[in-house]
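Asker: Give me a model of this one.
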Amino acid sequence: MDIWSTLSDTFLDWESMKAVLPEMLKVGLVNTLILAAASVVLGTVLGMIVAVMGLSRRRWLRWPAKVYTDIFRGLPAILTILLIGQGLSPITRHWWGPNPYPLGILALSLIAAAYIGEIFRSGIQSVEKGQLEAARALGFTYTSGMWLVVIPQGVRRVLPALVNQFIALVKESSLVYFLGLLASQRELFRIGQDAAATNGNLSPLLLAGLFYLIITVPLTHLVNYFDKRLREGRPAEEGRNTELEVEELAHADHR
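Answerer: Numbering: from 1, shown residues only. Take a look at the predicted model:
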């Protein structure tokens, strides 16, 4: 019974949870979603550039993409965040002052770009070579065939993996607190940690964990659903639809 009382006092202090709940909703949840969403958008743009460079026939484009991917996938996320957040702060201070928030987004974006670039690259390489050959036969150049035919198919195939990357960014956004965010910039973890230190128990951190689960668990099931739909898709029908799309794009290109 004493053990239960101790655990209850440590993790289930409802008054502590109730006191910190409004701030988690209005500040923590919003900042967590902003950090994750902004990072995945920038990371997707940079990741596509890295993927295209990595697939290039030119070595001077392939090698920088490979080095970039190896570095940002090999370093711990917290180390990258600290190096960028603290190392670039003297330079960026002239633009937005001693505000670590944009640098936190930049660090998360660079990390995400390395993973998203590999996701895009694998998706593009999974498209049958015949698709590009069919596009070239219809009058497309290599570049237009890649951008209008091959890359859109590859992106569709890796959508579940992209959602998984967003889930990872939601969790990794908690590491930005090491940069010393302002009170209005704190994400879920930082608010929970501050409240836990003030109240002397871990109930606010448990509440922060519940918020993370509310975000990530439905997205995980959504990924599994779409992944199952893609795996159960009919390849023959997809091939026919793709041929029609290529022909329509060719006609539009000629017009």
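Asker: average pLDDT for stretch 4-23?
Answerer: Per-residue pLDDT over stretch 4-23 has a mean of 85.
Asker: contacts for that stretch?
Answerer: 191-192, 195, 199, 201-204, 206-207 (Cβ atoms under 8 Å, 6 or more residues apart in numbering). The way it works is simple: take the backbone N, C-alpha and C, and place the C-beta from them, glycine included.
Asker: try it again with 6 Å
Answerer: Contact partners of stretch 4-23, identified using Cβ atoms under 6 Å, 6 or more residues apart in numbering, comprise 191, 195, 199, 201-204, 206-207.
Asker: Among those, pick out the one closest to residue 71, please.
Answerer: Lowest distance from residue 71 to these (Cβ to Cβ) belongs to residue 191, with 31.9 Å.
Asker: If we ignore the residues flanking it in sequence, what's nearest that closest one?
Answerer: residue 28 (4.2 Å; Cβ to Cβ, 6 or more residues apart in numbering).
Asker: Would you mind measuring from residue 47 to residue 184?
Answerer: According to Cβ to Cβ, to the nearest Å, residue 47 and residue 184 sit 30 Å apart.
Asker: I'd like the distance between the residue nearest to residue 191 and residue 169.
Answerer: For residue 28 relative to residue 169 (Cβ to Cβ), the value is 16 Å.
Asker: try residue 84
Answerer: On the measure of Cβ to Cβ, residue 84 and residue 169 end up 15 Å apart.
Asker: Same drill for the two, tell me which one is more crowded.
Answerer: Comparing residue 84 with residue 169 by neighbour count (other Cβ atoms under 10 Å), the higher total belongs to residue 169, at 24 against 21.
Asker: who touches the residue nearest to the more buried one when sequence neighbours are not counted in this structure?
Answerer: Spatial nearest neighbour of residue 169, chain neighbours left out: residue 36 (4.3 Å); criterion: Cβ to Cβ, 6+ apart. Taking Cβ under 6 Å, 6+ apart, we find residue 36 in contact with 169-170, 173.
Asker: Can you tell me the closest non-neighbouring residue to residue 27?
Answerer: Closest to residue 27 by Cβ to Cβ, 6+ apart is residue 186, at 6.1 Å.
Asker: ok so, going back, next structured bit after the host helix or strand of the residue nearest to residue 169?
Answerer: Here residue 36 sits within helix 29-54, counting by DSSP states H and E. Proceeding N to C from helix 29-54, the next assigned helix or strand is helix 59-74, under DSSP H and E.
Asker: Just the residues contacting that following helix, thanks.
Answerer: Against helix 59-74 from outside (Cβ under 6 Å, 6+ apart): 50, 53-54, 56, 110-111, 114, 117.
Asker: same deal with stretch 209-223?
Answerer: 160, 163-164, 167, 170, 188.
Asker: Quick check on the residues you listed: which are buried?
Answerer: 160, 163-164, 167, 170, 188 (16 or more other Cβ atoms under 10 Å).
Asker: now these as CSV including distance to residue 24?
Answerer: CSV is the format used below for those (distance: Cβ to Cβ, whole Å):
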residue, distance to residue 24
160, 29
163, 24
164, 25
167, 19
170, 14
188, 6
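Asker: Just the ones in helices from those residues, please.
Answerer: If you go by DSSP state H, the buried ones among the contacts of stretch 209-223 have 160, 163-164, 167, 170, 188 in helices.
Asker: Looking at the residues you listed, which gets the smallest pLDDT?
Answerer: residue 160 (85).
Asker: and which of the contacts of residue 36 is nearest residue 32?
Answerer: residue 173 (5.3 Å).
Asker: how many neighbours does the spatially closest residue to that closest one that is not a sequence neighbour have?
Answerer: Spatial nearest neighbour of residue 173, excluding adjacent residues (Cβ to Cβ, 6+ apart): residue 35 at 4.0 Å. As a burial measure, residue 35 scores 25 neighbours (other Cβ under 10 Å).
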